[in-house]
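> Would you be able to build a 3D model of this:
(one chain, ligands or ions: 1)
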Amino acid sequence: MTSPLKDRLIAKIKAEGPLTVAEYMTICLLDPVHGYYPTRDPLGSDGDFITAPEISQMFGEVIGLWCLQTWQDMGRPHIVQLIELGPGRGIMMSDILRAAKLDKDFLAALSVTLIEASPALEAVQGKTLKSAPCQIGWVASLEKAPKGPSIIIGNEFLDCLPIRQFVQKDRFAGRAGWQERMITLDEEALRFGISPAPISENLKTCLPNAQEDAKNDNLLEVCPATAQIIDQIEQRFKIDSGRALFIDYGPETTEFGDTLQALKRHKKVGVFSDPGNTDLTARVDFGALIENAKAIDLAVTRAVAQREFLSKLGLEMRAVALSRAKPESKEKIARQLHRLTASDEMGELFKAICFQSEGLGLPLGFRDFA
Ligand code: SAH
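The predicted model follows:
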């Protein structure tokens, strides 16, 4: 199948040479004219994929309790910046704000900022949150978010940040043996290839420690954009207190292998099948997140499975309360609980991780610091 974006990508590679996987992901996901996110609302059962806040209001509500607890742990600051990265349709924020009403001082302290790359989704967020009980603003990046004590959250945000892929071609050469996997052409078709050149000195230092264990042809993924966000979080938390909570899918420690995947209407399709019209993500390497944070002395927890995290936040109790209030929805609520927590659904694959400023204790829902 051909598409305007595929034609443009082919023309670009012909003119300028192969693309990194990160360049390909960025163009496919964020091109303002033909990119995936700017041109549609991809979420929900009619869309291409569904996320935890879209499955059940309980998810955002217990995250709201986590935010409330965090604000208390921070000493109940007068103003707290609640910043969400990649808010989708704004459902999680709307559920968080419902839970925030439990403490009127917390609600009064909240200043909400959303960071969203897609104008289409920003418009949906505006609608979802039009009667929000507090002021909502949008900015382009974390650096532009208002300063001060902050709670930063992102659900299924890190998985859509562009990754680069590297293949170990000479394991006896160590870091010097890695070469980058690129996107190139086979006549008029997109395909993967390996750059013949060794990677730069800078990239060598970005490889996770697990690179030492690689055999020839093992593949590692690196997400420079995530490392950059961790840097920005550290810059903020050096000045003002705060926590940053991310929930996403991926292994607790670095694993080898290609995890770039495309989804269309809830089914996996080829990553080159229809660029700009399929969702592209890669699993999040929680081990690498911890390495990134430790390298800059940013406090970070170990990742915990979503089922454990949500359970510690009181998800089951919330399900019981909701079922009592709406007995006709009891089965639906039980199904939602299952999808969020069962080990063959989102319960084990999805994990939570938290970065925080110095001096705060262990955040609710976690076992220990890394
Ligand atoms: N958090 C939501 C949506 C997840 S989908 C939920 O759980 O339902 C990923 C979201 O991140 C979308 O809103 C997408 O438009 C946004 N996004 C993707 N790349 C981004 C970037 N570089 N900066 C800001 N937002 C981005």
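> residues of stretch 362-370 that come out buried?
Within stretch 362-370, the residues that count as buried by 16 or more other CB atoms under 10 Å are Pro363, Leu364, Gly365, Phe366, Ala370. Where you see a C-beta, it was placed from the backbone N, CA and C, and this is true even at glycine.
> I should have written stretch 156-172 there, sorry.
Within stretch 156-172, the residues scored as buried using 16+ other CB under 10 Å are 156-169, 171.
> now do the same end-to-end measure for it.
End-to-end distance of stretch 156-172 (CA to CA, to the nearest Å): 37 Å.
> same question for stretch 223-235, mean pLDDT?
Regarding stretch 223-235, the rounded mean pLDDT is 98.
> Hmm, I typed the wrong one, I wanted stretch 345-357.
Confidence over stretch 345-357, taken as the mean pLDDT, stands at 98.
> Please tell me how far it is from the chain's geometric centre.
A distance of 10 Å separates the centroid of the chain from that of stretch 345-357, by CA atoms, centre = their mean, to the nearest Å.
> do the same with stretch 34-54
14 Å.
> Return the set of buried residues in it.
34-39, 42-43, 47-54.
> quick one: the strands in the stretch 251-370 of the chain?
261-264, 267-269, 279-281, 299-300, 304-305, 350-356 (DSSP state E, counting those that start in this stretch).
> Check the gap between the residue nearest to Asn209 when sequence neighbours are not counted and the ligand for me.
Nearest residue to Asn209, sequence neighbours excluded (CB to CB, 6 or more residues apart in numbering): Glu291, at 6.2 Å. Per CB to the nearest ligand atom, to the nearest Å, Glu291 is found 22 Å from the ligand.
> For Ile136, grab phi and psi.
phi -120, psi 130 (degrees, to the nearest 10).
> Which residues of this protein lie near the ligand?
Contact residues (CB under 6 Å from any ligand atom) of the chain with the ligand: 37, 43, 51, 53-54, 86-88, 92, 115-118, 121, 155-157, 160.
> and the residues you listed, which of them are in strands?
Residues of those located in strands (DSSP state E): Ile115, Asn155.
> Okay, helices next: where are they in the stretch 201-350 of the chain?
For the stretch 201-350 of the chain, the helices defined by DSSP state H, counting those that start in this stretch cover 201-206, 224-239, 286-295, 306-312, 315-325, 330-341.
> buried residues in the fifth one?
Using 16+ other CB under 10 Å as the test for burial, helix 315-325 gives Leu315, Arg318, Ala319, Leu322, Ser323.
> Residues contacting that helix, please?
By CB atoms under 8 Å, 6 or more residues apart in numbering, the residues outside helix 315-325 that reach it are Met58, Phe59, Glu61, Val62, Ser329, Lys330, Ile333, Ala334, Gln336, Leu337, Leu340, Thr341.
> Weed out the non-buried ones from these.
Using 16+ other CB under 10 Å as the burial test, the contacts of helix 315-325 include Met58, Phe59, Glu61, Val62, Ile333, Gln336, Leu337, Leu340, Thr341 as buried.
> what residue ranges in this protein are flagged as low confidence?
1 (pLDDT under 70).
> what's around the residue of the stretch 201-350 of the chain found nearest the ligand, how many residues?
Going by CB to the nearest ligand atom, the ligand is nearest to Ala225 of the stretch 201-350 of the chain, at 6.9 Å. Around Ala225 there are 16 other residues, counting by other CB atoms under 10 Å.
> check contacts around the residue nearest to it when sequence neighbours are not counted.
With sequence-adjacent residues excluded and distances taken as CB to CB, 6+ apart, Ala225 is closest to Leu161, at 4.1 Å. By CB under 8 Å, 6+ apart, Leu161 lies in contact with Cys223, Ala225, Thr226, Ile229.
> Contact partners for Leu142?
Ile83, Leu85, Ile115, Ile152, Ile229, Gln232, Ile233, Arg236.
> send the alpha carbons of stretch 356-366 over as CSV?
Provided in CSV are the C-alpha atoms of stretch 356-366 (Å, rounded to 0.1, in the frame of the first residue of the first chain):
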residue,chain,number,x,y,z
GLN,A,356,11.9,12.2,42.9
SER,A,357,13.7,15.1,44.6
GLU,A,358,16.0,14.6,47.5
GLY,A,359,14.5,14.2,51.0
LEU,A,360,11.2,12.6,50.1
GLY,A,361,10.5,9.1,51.5
LEU,A,362,9.4,6.1,49.5
PRO,A,363,6.4,7.0,47.4
LEU,A,364,3.1,5.2,47.9
GLY,A,365,2.8,2.0,45.8
PHE,A,366,6.6,1.2,45.6
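> Which two of the buried residues of stretch 34-54 have the greatest separation?
Maximum pairwise distance in these, criterion CB to CB, is 28.7 Å, between His34 and Ala52.
> on that earlier part again, output the buried residues of helix 315-325 in CSV; the columns should cover distance to Val271.
Putting the buried residues of helix 315-325 into CSV (distance: CB to CB, whole Å) gives the following:
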residue, distance to Val271
Leu315, 34
Arg318, 37
Ala319, 37
Leu322, 39
Ser323, 41
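> now, among these, which is nearest to Leu298?
For these, the nearest to Leu298 is Leu315 (27.9 Å; CB to CB).
> which residues does the closest residue to Glu234 other than its chain neighbours contact?
Leaving out its chain neighbours, the residue that sits closest to Glu234 by CB to CB, 6+ apart is Leu298, at 4.4 Å. For Leu298, the contacting residues are Ile230, Ile233, Glu234, Phe237, Phe355, by CB under 8 Å, 6+ apart.
> now the strands for the stretch 101-250 of the chain?
For the stretch 101-250 of the chain, the strands defined by DSSP E, counting those that start in this stretch cover 110-115, 136-139, 150-155, 164-168, 178-186, 189-198, 219-222, 242-249.
> I am finished for the moment; much appreciated.
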